[in-house]
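**Q** Fold the following for me, if possible:
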Amino acid sequence: MPRLKGKVAAILSDEVVVINLGSDQKVSPGMRFVAVYETGAIFDPDSPQEALGSLTYEIATLTVKTVFAKMSICSVPLTPAGPTFKLPEVFQYTSKIDPKASRTLVEASTIKIGTVVIEAAPESGKTDGVSGSSTKPGG
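**A** Take a look at the predicted model:
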């Protein structure tokens, strides 16, 4: 059975969002959805016409709290910020990646209006939060 797929329609607070799925789509309280960032097609730099595949980054798991006909209110877990401290100079480093090219990391870590949400699969195993698909045979 295909999993439900929708989008974040509103952000009510740091911990609450509204998704565009509701009882009309058989959503019920307690259901879980995963907010994801989808890269779209990634192309081979040596063969720009050849799509290599795509990546999907998991941002957070949302839990449905209140359901209406066409929308649901979901809780979003806060991520611990951790302690703030300055590393000794010997541990400081500078990225060699072009900051314009690395915006995907920022995009992939925040929920915005329009962020895709996919019904969470039953608990199976933990992943690293990234999945992909390949358009090449054997990939």
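
**Q** So which helix or strand of the chain has the lowest pLDDT on average?
**A** Here the helix or strand of the chain ranked lowest by mean pLDDT, DSSP states H and E is strand 130-134, holding a mean of 58.

**Q** Could you tell me the average pLDDT over stretch 25-35, please?
**A** On average, the pLDDT along stretch 25-35 is 97.

**Q** Distance-wise, check residue 30 relative to residue 63.
**A** In this view, residue 30 and residue 63 are 7 Å apart by C-beta to C-beta, to the nearest Å. Using the backbone N, CA and C atoms, a C-beta is placed for each residue, glycine as well.

**Q** Tell me where the protein has strands.
**A** 5-13, 16-19, 32-38, 42-43, 51-67, 72-75, 116-119, 130-134 (DSSP state E).

**Q** just so I know, which of those strands lies nearest residue 25?
**A** Taking C-beta to C-beta, strand 5-13 is the member of these nearest to residue 25, at 7.6 Å.

**Q** that older thread, tabulate the strands of the chain (JSON lines), appending mean neighbour count and distance to residue 110.
**A** Shown next, in JSON lines, are those (neighbours: other C-beta atoms under 10 Å; distance: least, C-beta to C-beta, whole Å):
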{"stretch": "strand 5-13", "mean neighbour count": "15", "distance to residue 110": "10"}
{"stretch": "strand 16-19", "mean neighbour count": "20", "distance to residue 110": "12"}
{"stretch": "strand 32-38", "mean neighbour count": "19", "distance to residue 110": "8"}
{"stretch": "strand 42-43", "mean neighbour count": "14", "distance to residue 110": "20"}
{"stretch": "strand 51-67", "mean neighbour count": "17", "distance to residue 110": "7"}
{"stretch": "strand 72-75", "mean neighbour count": "22", "distance to residue 110": "16"}
{"stretch": "strand 116-119", "mean neighbour count": "20", "distance to residue 110": "13"}
{"stretch": "strand 130-134", "mean neighbour count": "12", "distance to residue 110": "16"}
